[in-house]
Each structure stands twice: as structure tokens, then as C-alpha cells.
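[1] kindly return the folded structure for what I paste below:
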Amino acid sequence: MSAKVIAFAGLVASATAFAPTGFTPALRSGATSVSMAMDKSAKAPVITIFDHRGCSRAPKEYTGSKASGQDDEMMVKAQSVKIAVSDGVAESVLKDSLSVMHK
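    This is a model prediction of the structure:
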């Protein structure tokens, strides 16, 4: 009897795993805060790491409260910056990339 129950449970589980759900992913809108559209603003993340440990210069980049330790002498700054690239540079990068690709 228990073998029949186990076999039936396995059959139901495999049918459930491979059953179509009818879910089709769609492009998300601004209301969902995630967009699948390509960003054409030419902005890229720029990460700057400040490490003033052992430096006599007083750090002026961070103005928040102090941690009272060596963390007061370190900071990571992340910002989104527009990257300007001339057409000549873009064409040369494209040419170099296409020259090494397998045909």
C-alpha cells in the first residue's frame, strides 16, 4: 500500500514540476521600479575609495558622525557619472573587438 502512495506522490510531483503555468514575463514599467529597456544616458557607476589611514591630512570628504576607530579614516564613494567617449574612440574599440572575434 505504501509503495502505491509513494508512486502516486512521485507522479503528482513530476506532473506539477513540468506543468505549464501560463506565466509569461513582460517588460516592467516604471511603477515596478525595474525597467528592461536599455539605458541610453551614457551613465556608469564610478566607485572611489578613500583610505586616509596613517595620513596627517584631515579627511574633509565625509561629514557624518564618527565611528571612533580606524573606520573614520576610510570611505567608499559611489556615484553615477556620464561617460563621454568620442566617436573615434568608439569606432576603434569596435574595430578592435570585431578583429578578435571568431567568424
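[2] tell me the bridge partners for Ile47.
    Ile47 has the following beta-bridge partners by DSSP bridges: Ala78.
[3] do you know the pLDDT at it?
    Ile47 carries a pLDDT value of 93.
[4] list the contacts for it?
    76-78 (C-beta atoms under 8 Å, 6 or more residues apart in numbering). C-beta coordinates here come from the backbone N, C-alpha and C atoms, glycine included.
[5] name the nearest of those residues relative to Arg53.
    Val76 (13.8 Å; C-beta to C-beta).
[6] can you pull out the helices in this protein?
    For the chain, applying DSSP state H gives helices covering 2-17, 87-100.
[7] include mean pLDDT and mean neighbour count when you put those into a markdown table, please.
    Formatted as a markdown table, the helices of the chain follow (pLDDT from 0 to 100; neighbours: other C-beta atoms under 10 Å):
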| stretch | mean pLDDT | mean neighbour count |
| --- | --- | --- |
| helix 2-17 | 68 | 9 |
| helix 87-100 | 88 | 9 |
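[8] ok so, going back, can you check the contacts of Ile47 and name whichever has the most neighbours?
    Greatest neighbour count in the contacts of Ile47, by other C-beta atoms under 10 Å, goes to Lys77: 11 neighbours.
[9] confidence score at Arg70?
    Actually, residue 70 is Gln. It isn't Arg. 79.
[10] ok, the closest residue to it other than its chain neighbours - how many residues close by?
    Once flanking residues are discounted, Gln70 sits nearest to Arg53: 5.9 Å by C-beta to C-beta, 6 or more residues apart in numbering. Neighbourhood size, Arg53 [other C-beta under 10 Å]: 9.
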